[in-house]
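A.B. asks: What follows is a predicted structure for the sequence shown.
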Amino acid sequence: MLPYKNCEIESDNILTRVTLFKNWPDHELHDLCLRSFVENYSASQIIYEEGDISRFLCIVISGRIEISYLRENGEHVLFSILDEMDIFGEIGFFDGRPRNEMAIAKSDCRILLIPKTALIEIIKNISFEAWLDIVQYLCLKQRKMAKDITENSIFSSKQRLASKLLELSGKSSQPGKIFLTKEDLASMLGLSRVTIGKLLMNFEKEKAIINKRSCVEITDKKILAAHMENDNEN
């Protein structure tokens, strides 16, 4: 684990590109960066597991991260895929409880690790606007989880997939393109790979998407949005 100040990326202040820190003064961000670390992970390497102590807030500098949860039957269910500048590990970081999810490197990646002790010390002096950013960020995360639970409860398979594709396309590094496999989508939605394949095929016939091996390109968002309003599986 390399101190941030000893890395070649020091000149590029990562935190200024993260929404959570948009209202923090430059000197506070600089101080926080100097107390942080950078860790390199290889594809498929575990970053942390359920039950680990939450000592760091994590930010993706490069690469992709897979967040999953453990079912009662011991099966891991994919929850989300994170890209550059995404934050993860914040729940355990702020509430002080052990991690309740697993984070795995989906590709070779670099992670900025912000120590809890450093952030807590600096956070005492930040402005109300900066505090509000943190509260709003956590509320946004909570709303997303509530939305996912609601959709899983009342939406059809087609509606859930259409909603997820629209959501993922909005945060993709290449707008309109979603770099996930059928297996990834199936795990995220709790559906079978066969079901996902059939739904994607139907969306492609309607010219809503272009379906490739590990990429779904959205060509007509209006068609997908219309499917979210229509619970007809056929």
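C.D. replies: Nice, I can see it.

A.B. asks: where along this structure do the helices fall?
C.D. replies: Counting by DSSP state H, the segments of the chain that form helices are 26-34, 90-95, 116-123, 128-154, 157-170, 182-189, 193-205, 221-229.

A.B. asks: Tell me which of the ones you listed lies nearest to Gly74.
C.D. replies: Among the helices of the chain, helix 182-189 comes nearest to Gly74, with 14.4 Å by CB to CB. Using the backbone N, CA and C atoms, a C-beta is placed for each residue, glycine as well.

A.B. asks: I'd like the distance from that closest one to the chain centre, please.
C.D. replies: Offset of helix 182-189 from its chain centre (CA atoms, centre = their mean, to the nearest Å): 15 Å.

A.B. asks: Domain map for this protein?
C.D. replies: Domain ranges of the chain: 2-147, 155-229, per automatic domain parsing.

A.B. asks: Check the ones you listed for me: which has the lowest mean pLDDT.
C.D. replies: Note on the domains of the chain: lowest mean pLDDT is at domain 2-147, with a mean of 84.

A.B. asks: Could you dump the domains of the chain into a markdown table with mean neighbour count added?
C.D. replies: Formatted as a markdown table, the domains of the chain follow (neighbours: other CB atoms under 10 Å):
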| stretch | mean neighbour count |
| --- | --- |
| domain 2-147 | 16 |
| domain 155-229 | 17 |
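
A.B. asks: Not counting sequence-adjacent ones, nearest residue to the residue nearest the centre of the chain?
C.D. replies: Most central in the chain under CA atoms, centre = their mean is Leu82, positioned 3.5 Å from the mean C-alpha point. The spatially closest residue to Leu82, leaving aside those adjacent along the chain, is Ile65, at 4.2 Å (CB to CB, 6 or more residues apart in numbering).

A.B. asks: now Pro98
C.D. replies: Residue nearest to Pro98 in three dimensions, not counting chain neighbours: Gly51, with 5.0 Å by CB to CB, 6+ apart.

A.B. asks: what do you get for Lys177?
C.D. replies: Closest residue in space to Lys177, ignoring its immediate chain neighbours: Glu217 at 5.0 Å, by CB to CB, 6+ apart.

A.B. asks: next one: Leu168
C.D. replies: Nearest-residue entry for Leu168: Ile178, 4.6 Å, with adjacent residues in sequence omitted and distances by CB to CB, 6+ apart.
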